[in-house]
Each structure stands twice: as structure tokens, then as C-alpha cells.
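**Student:** how would this look folded up:
(chains A and B)
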Amino acid sequence: MLNSSSIIVRTNKIITADMDGDTALMSVNNGAYYGLGKVGTAIWNELAAPLTVAALIEKLCQRFAVSATQCEQDIQPFLGDMLAEKLIELANEKSSNN
Amino acid sequence: MNKIQSILDKSTNAIELNLLLLGLRIYLKTEPASHLVEYIYYNRSALRWSVFVELCVIHRVYPAILKVLKSMPTAGIPTETISQLEQQRSLGLRQSLQLATETVRVTELLETNGIRVIVLKGAALALQLYSDIGMRPTRDVDLLVDKSDALKACSLLEQLGYQPHFEVFSSKSTKKQQSFLCKMYHHEEFYGINYSVEIHWDIQRWIDETTDFEKMFFEADKFILSDRIIRGVGATALFDYLATHGASHGWCRLRWLLDIALLVQQHQKNNPPKDTDFSDFAYQALILVHCLLGISVNCKVLQQITAKQADIANKATGYLASYSGDLSATFSREYFIYIDYVLRIYFKRNYLLNFIFIFFSPNSLDFKTVSLPDKMFWLYYPLKPFIWIVRAVKSWRKSVSG
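**Tutor:** Prediction:
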């Protein structure tokens, strides 16, 4: 489970392509194909470099004019799925545990 | 230029083909977008959108065309046309991603075994010219290795489960046969369950100059694909490669011309080609991207072009305009147009002699049919017609009994 201080980043075994502003992803490890919409693409782009969940929420709030609470509620399941699918990973497990 | 336009206008799909070329010129920003709206308006009754979609797919330029059409919502383009192109783009994009992952997997295997690799076309070219993998549909993975690594690279591909087509390095072949096939074919094709991979050790089919792998590797452009650095052909060698490759297929797909147009725009490669074995192909490429796609070329290119080079470019336009998507459609009208084009290219220096030599030389099938020791290798030449008969009879018997 991710908390606001978890540092997350994209995994690098992924190949991406643009689809009219959306993003198509393919895992090099298992060949699974994923499609990200506008918000998913924004999250994906932000996670090019390691970022805490709190910092990610702050950036998304600025971009999509949404409250931090609402944003957190919306993205937590999405981030959980991305973590489970190994599209993102914890950049620093120690710091997230502290 | 007028001649090329008149050839296009004679095509049975002239209206749709001209719209396709207009769309590509807008993509390349060599023509204003407003011309598309006017063109569609004036041809609205005759324009067959289904044929247009078909041409986008045949010429493999649908991602670029879709991008242009979607940027013009009021141009009068049927929503069905957009959705057909989107559907095609989704399929193509998925395939391009799959091939890119296979490129990563295969290059990783080769490089961890000490083999240096340059990715020809495919993912590398998509990133190099379009900055996105989905913008250049691709059907296979083409890799270039040093000739001295070709045997090892082919063995590694077989270990991944790929089956060789030409069997250049078959374990059943003698050393002489392997060395002969290695010179005869410039690559080996491998078929897997989902993909085909080609291992090249020479990139030119018709040119006598052999590939200087060291130079190409040193000048290669680097890209990050997944977690790997992959190398694509550097801009200087890329122009010659794309021009020769396009010419060898009679320029039947506009995708190859679009690649060259982008390369010329991005690297200002619009000067008269140097007088090398590549220059005829380079002149053709420059004439065609200038006349069809509106790319500016140095005025000396147009001044220096010979009547023969212009004639060959006209032939290529005729083939492109008649191309229906099947390269193997033997004895069709477009096939004869292609042969006419190819013969004009072969009738230069020693190309025709090479062609005749290759035609009468033994191939891997001959070696499989009759096994001769290396000392008697020369016998394959006089025996070739008889070996062909033996093979034809065997094949006929198999089909009768099967």
C-alpha cells in the first residue's frame, strides 16, 4: 500500500508510444499492453523521475483543478494497479517505510 | 515535375492518391493545411474515402495522415474515415510496440554475447525521424551485425526458437557453401511464432561496396528503448541506405519517401549527391521527395539531373501510382511496371551481370537437394537446371501423394 511519502517512479522495462495525447505502454518483460488516458498520461509523465505520492498529488491538483483529497482518492487505486502490474516501482523502500 | 503529376493523374485512384500526397505535404509543412479543405470540397462527389483509407494502409502512412486529418475537424472528412484510420493506427501501434520489445530482447541477447548491433529501420528509425514508435508502422525487426559475427548471431536467433529461411549457416552445409551463401545473400531471414527477424551483414543488395560496419557503428545514432541504448544508422549512411532500399522496391510505398523527406528536412541532406555507386538512387530519392512531397532541394540537383535519372524517377512514379499492396503479384500490370523499372536500374555498369550471375548461381535449396564436396563445388553451376528438375519432381510427387 502506498502512502503519501512513498517515492515512486516508472519502471524502465516499458516501451511507450503516443496516441493523440494518450499513451500506449508495453511491458518488455511480459508483452502486456496498456492504454493510459489523459490523466494516466499526466501521471506517467510526472513519474519519469522519482516523486513522492504527495508531490505527485500536488502537481496533479495544479494541473487539473481538483482538491487534494479528491485527487488522492482517485489516484490511489490507479497507482496500486500500476504497482501491481510493475509499471511503476518504489524508488526508495527505506524512505517510504520511515 | 509536370510529367510526374501527369503520371499520377492517369492513375485509376488519382483523386485519392493526390489527396494522400497533399496530406503528407501538410504533415511535412511543405503546403498549407487550407489546401486540403479546398481539395476535399472541389472533389467531394468523386472522392472515394474507402479507397483513400486503403491507400493510407498500402503506403503505410496512416499515422501521419490521421494526425493531419484530426487537426482539421471542419474539413468535411467523414467520421467513418477517421475511425477506420484510428482502428488501423491502434493495430499498427500495438504491432510496432511488440516489435520494439522484440528488438530489445534480441539486441540484449546479441550484445550480452559480445555482438555489436545496429538496428536498421524499425524502432530506431521511428525514434530517429518521427520521435515516436507509433508513427512508423513496421512488420519485422532488421538488425545489422559485423560479417564476422553473422554466424554466431544466427545461431543465437535459432536458440530463441527462430527458424532460418535461407539457411545460410546451416550445420549441414560445407564451409565453402556457407561462405558462398554469405556472399550471395546480404541477410538471413528468421521466422518466429509472432515475429520475423532479419540478421543483415551487408545492407546493400545491388551495390558492390561492402558495408563498413566499424564506420557505421562509430557514426550510429543512439536511442534509449526501455532500459537499453540501441543504435540506429547514422544520418550520413541513412540517406544512402533509405535511397537504395526504396529504389530496390521501386518506391512503391510512400512511407519510404516520407522517411527520406523527414531525413532531408532534419539534416539538410538536399545537396547534389556525390558521384558514387549510390548517386543514381540518391538523385531519384531527391527528385521524388521534391516533386511528390514538396521538399526543397538544392537547385543544382535539378540542374544536374540526367535525362535517364529523370526517366527512372518517372517510372518509379508510375509504379507507385499503380501499386495495389501486393509485391508478389506476379504477371499483373504493376508487376511489369516494376520489372521495367528494375531493368532500367540494373542496366548500369555491372548490375545486369550481377543479376545474371545470381540467377544462374546455386542457392541453399540446391545444396539441400544435392550435396557435393567442396572440391566439386563448381559442378553446381552446370548441374543447376537438373537440380531444379529433381526438386520440381520431388515437390510434384509430394503434392500428388499428399
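**Student:** so who does A:G37 touch?
**Tutor:** Applying CB atoms under 8 Å, 6 or more residues apart in numbering or on different chains, we find A:G37 in contact with A:D22. In this view, the C-beta of every residue, glycine as well, is placed from N, C-alpha and C.
**Student:** Would you mind measuring from it to B:Q128?
**Tutor:** Distance, A:G37 to B:Q128, by CB to CB, to the nearest Å: 28 Å.
**Student:** How about the residues of chain A by chain B?
**Tutor:** With CB under 8 Å from any CB of the partner chain as the criterion, chain A meets chain B at residues A:12-20, A:24, A:26-28, A:31, A:33.
**Student:** Narrow the residues you listed to those that are buried.
**Tutor:** Buried members of the residues of chain A next to chain B, counted by 16 or more other CB atoms under 10 Å in any protein chain shown: A:13-19, A:24, A:26-28.
**Student:** got the residues you listed as TSV, with secondary structure and distance to B:A243 columns?
**Tutor:** Formatted as TSV, those follow (DSSP: H, G, I helix; E, B strand; the rest coil; distance: CB to CB, whole Å):
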residue	secondary structure	distance to B:A243
A:K13	coil	36
A:I14	strand	34
A:I15	strand	29
A:T16	strand	31
A:A17	strand	27
A:D18	strand	28
A:M19	strand	31
A:A24	strand	31
A:M26	strand	32
A:S27	strand	36
A:V28	coil	33
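**Student:** what's the most distant pair in those residues?
**Tutor:** Greatest spacing in these, by CB to CB: A:K13 and A:M19 (20.2 Å).
**Student:** Could I get the full set of helices for chain A?
**Tutor:** Assigned by DSSP state H, the helices in chain A fall at A:38-46, A:53-64, A:68-84, A:93-97.
**Student:** Quick check: which of those is nearest to A:S6?
**Tutor:** Per CB to CB, nearest to A:S6 of the helices of chain A: helix A:93-97, 4.1 Å.
**Student:** Pick the one among the residues of chain A next to chain B closest to B:Y319.
**Tutor:** Comparing the residues of chain A next to chain B against B:Y319 with CB to CB places A:A17 closest, at 31.2 Å.
**Student:** if I pick that closest one, what's in contact with it?
**Tutor:** A:A17 touches A:23-24, B:93, B:96-97, B:132-134, counting by CB under 8 Å, 6+ apart.
**Student:** next one: B:A310
**Tutor:** Per CB under 8 Å, 6+ apart, neighbours of B:A310: B:3, B:287.
**Student:** what does the one 10 residues further on give?
**Tutor:** Residues counted as contacts of B:L320 (CB under 8 Å, 6+ apart) are B:250-254.
**Student:** quick check, nearest of the residues you listed to B:Y241?
**Tutor:** Closest to B:Y241, out of all of those and judged by CB to CB, is B:W251, at 14.5 Å.
**Student:** can you pull the contacts of that closest one?
**Tutor:** Counted by CB under 8 Å, 6+ apart, B:W251 has contacts B:257, B:284, B:288, B:316-317, B:319-320.
**Student:** how much space between the closest residue to A:R10 other than its chain neighbours and chain B?
**Tutor:** Excluding the flanking residues, the one nearest A:R10 by CB to CB, 6 or more residues apart in numbering or on different chains is A:L47, at 4.8 Å. From A:L47 across to chain B, the span is 15 Å (CB to the nearest CB, to the nearest Å).
**Student:** Let me know how buried A:L47 is, in neighbour terms.
**Tutor:** Using other CB atoms under 10 Å in any protein chain shown, A:L47 has 20 neighbouring residues.
**Student:** doesn't A:A55 make contact with it?
**Tutor:** No - contact status for A:L47 versus A:A55: not in contact, 10.5 Å apart, counting by CB atoms under 8 Å.
**Student:** Show me what counts as buried in stretch A:46-62.
**Tutor:** For stretch A:46-62, by 16+ other CB under 10 Å, it's A:46-47, A:51-53, A:56-57, A:59-61.
**Student:** how far out from the middle of the chain is stretch B:237-252?
**Tutor:** With CA atoms, centre = their mean, to the nearest Å as the basis, stretch B:237-252 stands 7 Å off its chain's centre.
**Student:** again, but for stretch A:37-56
**Tutor:** Centre-to-centre, stretch A:37-56 and its host chain are 5 Å apart (CA atoms, centre = their mean).
**Student:** end-to-end on that stretch?
**Tutor:** The straight-line separation of the ends of stretch A:37-56 (CA to CA, to the nearest Å) is 17 Å.
**Student:** So for that stretch, mean pLDDT?
**Tutor:** Average pLDDT, stretch A:37-56: 94.
**Student:** Next to chain A in this structure, residues from the stretch 1-150 of chain B, please.
**Tutor:** Checking the stretch 1-150 of chain B against chain A by CB under 8 Å from any CB, the hits are B:70, B:89-90, B:93-94, B:96-98, B:100-101, B:104-105, B:123, B:132-135.
**Student:** rerun that using 7 Å as the cut-off
**Tutor:** Contacts of the stretch 1-150 of chain B with chain A, taken as CB under 7 Å from any CB of the partner chain, map to B:70, B:93-94, B:96-98, B:100-101, B:104, B:132-134.
**Student:** got any ranges where the chain has weak pLDDT?
**Tutor:** Answering for chain A, as no chain was given. A:92-98 (pLDDT under 70).
**Student:** my question was about chain B
**Tutor:** Within chain B, the stretches with pLDDT under 70 are B:1-2, B:204-210, B:269-278, B:324-336, B:339, B:342-352, B:402.
**Student:** For it, give the helix that spans the most residues.
**Tutor:** When chain B is parsed with DSSP H, its longest helix is helix B:79-112.
**Student:** List the buried residues of that one.
**Tutor:** Buried residues in helix B:79-112 (16+ other CB under 10 Å): B:81-82, B:84-85, B:88-89, B:92-110.
**Student:** same question, stretch B:130-146
**Tutor:** B:130, B:132-138, B:140-146.
**Student:** Which of those sits closest to B:L47?
**Tutor:** If you rank the buried residues of stretch B:130-146 by distance to B:L47 using CB to CB, B:P137 comes first, at 23.9 Å.
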